[in-house]
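Undergrad: Sequence and predicted model, in that order:
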Amino acid sequence: MDSRIMSEEETMHPTPTPTPVPRGLAGVVVTDTELGDVRGREGFYHYRQYSAVELARTRTFEDVWQLMFDGRLPDAAGRTAFLAHTAPLRRLPGEVSAALPAIARAGAPSGPLTGLRTALSLLGASAGMRPVYDLAPEERRADALRAVAAVPTLLTALHRLGRGLEPVEPRDDLPYAANYLYMLTGTEPAADRVRAVEQYLVSTVDHGFNASTFTGRVIASTGADVVAALTGAVGALSGPLHGGAPSRALDTLDAIGTPERIGPWIRERVLAGDRIMGFGHPVYRTEDPRSRLLRSIAESFGGPLVELAVRVEKEVVEILAELKPGRELHTNVEFWAGVVMELCGLPREMFTPTFCAARVVGWSANILEQSADSKIIRPAARYAGPPPPQPVPAV
């Protein structure tokens, strides 16, 4: 077409020729990132230049939060200063706290994750958060810090209100994981439970361009505010194919019940072609490194649930090797995450919200990184309907 008769929009943005891509964009590289990567064939993932599993074993949640936001790990003084800065941000504005009972009632059937979408939007509006497009980098970071700090407060308050309990105010003297458990239960948690939950939180901060992270980045690419992008990420996480599996994996152990039922139960599911929750991952082709970490944490607690989980993991692999030769299936993070959270006393309806309390750091880091690029994410689709143009039928 002659460029003289093309519209200004067509001249500036000519229609691209769609390139066939795998379903779900599997394996398609969409951008560069300095935040980390997942190497599925190796069973390895990292946050910036550090092994995520090693960070979970050796560092605190606040340390990793700083690493993701600022690109460096703090020393002891830096950790203390960061906690002193972020702890007061956990407290909610009065208008947000006042609205939470109604939000909790409305979202009660679906749980706190549903309410979080509404509560986060209200928090952003109350705080006057503006589009990232209009903000300097330090202002974007301040908004992201405030949102991350508030998410555990919102989640635990919505959970307690949904059960007819009063929310528990956050404590400035407790680190992130300890404060989360305190607000959930109203009592100061045992040190071994705090550390187990903290290691789980660290291990799930970020994990490549998963559906929720990509959703957050797409929204951030429009220049929208931080909370708008986070709300979209929460919506993606709420889908059972993404963040809803920890409690379902534990339901599998409940259904099996006793060691002697493991073999028959698994064989029946495998032969029927059913999915076994807690097994398999779209990226890893070997053992999920998060599963390995969480298994070791669970085994440090011990007990009948852990013994059953170990047996189930072993027999699933053996039975698959027998019935489906060549098909490897390992436990994923959800299987052992469910066991660890159960051992630490978290109610099952809070398993996925707890995942969210960790992943909000990774989402926010991705939002900040995307905000530095003014190019909107705008892919193309390949039309597959009836050939146009066709006559419009008369009424």
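TA: Great, that's in hand. As the structure is a computational prediction, the values presented were derived from the model and not from experiment.

Undergrad: Pull up the gap between Pro259 and Lys314, please.
TA: 11 Å (CB to CB, to the nearest Å). In this view, the C-beta of every residue, glycine as well, is placed from N, C-alpha and C.

Undergrad: now do Ala372
TA: Counting by CB to CB, the gap from Ala372 to Lys314 is 47 Å.

Undergrad: Equivalent analysis for Asp32, please.
TA: From Asp32 to Lys314 the distance is 40 Å (CB to CB).

Undergrad: cool, Arg39 as well?
TA: Noted for Arg39: a distance of 26 Å to Lys314, by CB to CB.

Undergrad: do the same with Tyr180
TA: Where Lys314 is concerned, Tyr180 sits at a distance of 32 Å (CB to CB).

Undergrad: Between the two, point out the one with more neighbours.
TA: Tyr180 (30 against 11; other CB atoms under 10 Å).

Undergrad: Next secondary structure after the helix or strand of the chain with the lowest mean pLDDT?
TA: One helix or strand of the chain scores below all others by mean pLDDT, DSSP states H and E: helix 8-12, with a mean of 43. Next along the chain after helix 8-12, taking DSSP states H and E as the criterion, comes strand 36-39.

Undergrad: And the next helix or strand past that next one?
TA: strand 44-47.

Undergrad: Report all helices and strands that that next one contacts.
TA: Packing partners of strand 44-47 (3 or more CB pairs under 8 Å, 6 or more residues apart in numbering; DSSP states H and E): strand 36-39, helix 52-58, helix 61-70, helix 289-301.

Undergrad: mind checking which of the ones you listed is nearest Glu268?
TA: helix 289-301 (23.8 Å; CB to CB).

Undergrad: Run the chain-centre distance for that closest one.
TA: 19 Å (CA atoms, centre = their mean, to the nearest Å).

Undergrad: got the contact list for it?
TA: 43-45, 52-53, 56-57, 192, 196, 199-200, 203-204, 306, 309-310, 313, 330-333, 335-337, 339-340, 343 (CB atoms under 8 Å, 6 or more residues apart in numbering).

Undergrad: Please flag which of the residues you listed sit within helices.
TA: 52-53, 56-57, 192, 196, 199-200, 203, 306, 309-310, 313, 333, 335-337, 339-340, 343 (DSSP state H).

Undergrad: re the thing from before, kindly compare burial across the helices and strands packed on strand 44-47 and name the winner.
TA: Mean neighbours per residue, mean count of other CB atoms under 10 Å, is largest over the helices and strands packed on strand 44-47 for helix 61-70, with a mean of 22.

Undergrad: can you map out the helices along the stretch 101-250 of the chain?
TA: 112-126, 137-162, 176-185, 191-203, 211-221, 226-237, 246-256 (DSSP state H, counting those that start in this stretch).

Undergrad: and Arg23, which of those is closest to it?
TA: Per CB to CB, nearest to Arg23 of those: helix 211-221, 13.3 Å.

Undergrad: Would you confirm that Met183 contacts Leu174?
TA: No - in this structure, Met183 is not within contact of Leu174 by CB atoms under 8 Å, at 9.2 Å.

Undergrad: Which one of the two is surrounded by more residues?
TA: Met183 (23 against 19).

Undergrad: residues contacting that one?
TA: By CB under 8 Å, 6+ apart, the neighbours of Met183 are Pro152, Thr153, Thr156, Ala157, Pro167, Val168, Glu169, Pro170.

Undergrad: Let me have those in CSV, adding pLDDT and distance to Glu287 as columns.
TA: Converted to CSV, those look like this (pLDDT from 0 to 100; distance: CB to CB, whole Å):
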residue, pLDDT, distance to Glu287
Pro152, 98, 30
Thr153, 98, 35
Thr156, 98, 32
Ala157, 98, 37
Pro167, 98, 39
Val168, 98, 38
Glu169, 98, 41
Pro170, 98, 37
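
Undergrad: Report the buried members of the residues you listed.
TA: Pro152, Thr153, Thr156, Ala157, Pro167, Val168, Pro170 (16 or more other CB atoms under 10 Å).

Undergrad: Would you reformat the residues you listed as a markdown table and include distance to Ala384?
TA: Listed next are the buried ones among the contacts of Met183 as a markdown table, based on distance: CB to CB, whole Å:
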| residue | distance to Ala384 |
| --- | --- |
| Pro152 | 44 |
| Thr153 | 46 |
| Thr156 | 46 |
| Ala157 | 46 |
| Pro167 | 49 |
| Val168 | 52 |
| Pro170 | 51 |
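
Undergrad: Ala236: which of the residues you listed is nearest?
TA: Pro152 (19.5 Å).

Undergrad: Mind pulling the model confidence for Asp274?
TA: The confidence metric pLDDT takes the value 81 at Asp274.

Undergrad: just Ser3 next, same as before
TA: 39.

Undergrad: Check Thr187 too.
TA: Reported pLDDT for Thr187: 96.

Undergrad: Three-state assignment for Ile377, please.
TA: coil (DSSP: H, G, I helix; E, B strand; the rest coil).

Undergrad: Ignoring the adjacent residues along the chain, who's closest to it?
TA: Leaving aside its sequence neighbours, Ile377 sits nearest to Ser221 (CB to CB, 6 or more residues apart in numbering; 4.2 Å).

Undergrad: What of Trp65?
TA: Val361 (5.1 Å).

Undergrad: so that neighbour makes contact with Glu62?
TA: No - between Val361 and Glu62 there is no contact under CB under 8 Å: 10.0 Å.

Undergrad: one step back: ok, which of the helices of the stretch 101-250 of the chain comes nearest Gly302?
TA: helix 191-203 (11.7 Å).

Undergrad: now that closest one: mean pLDDT?
TA: Here the average pLDDT along helix 191-203 is 97.

Undergrad: Need the residues that contact it.
TA: Against helix 191-203 from outside (CB under 8 Å, 6+ apart): 52-53, 55-57, 59-61, 64, 175-178, 180-181, 290, 293-294, 297, 300-301, 333, 337, 340-341, 343-346, 354, 357-358.
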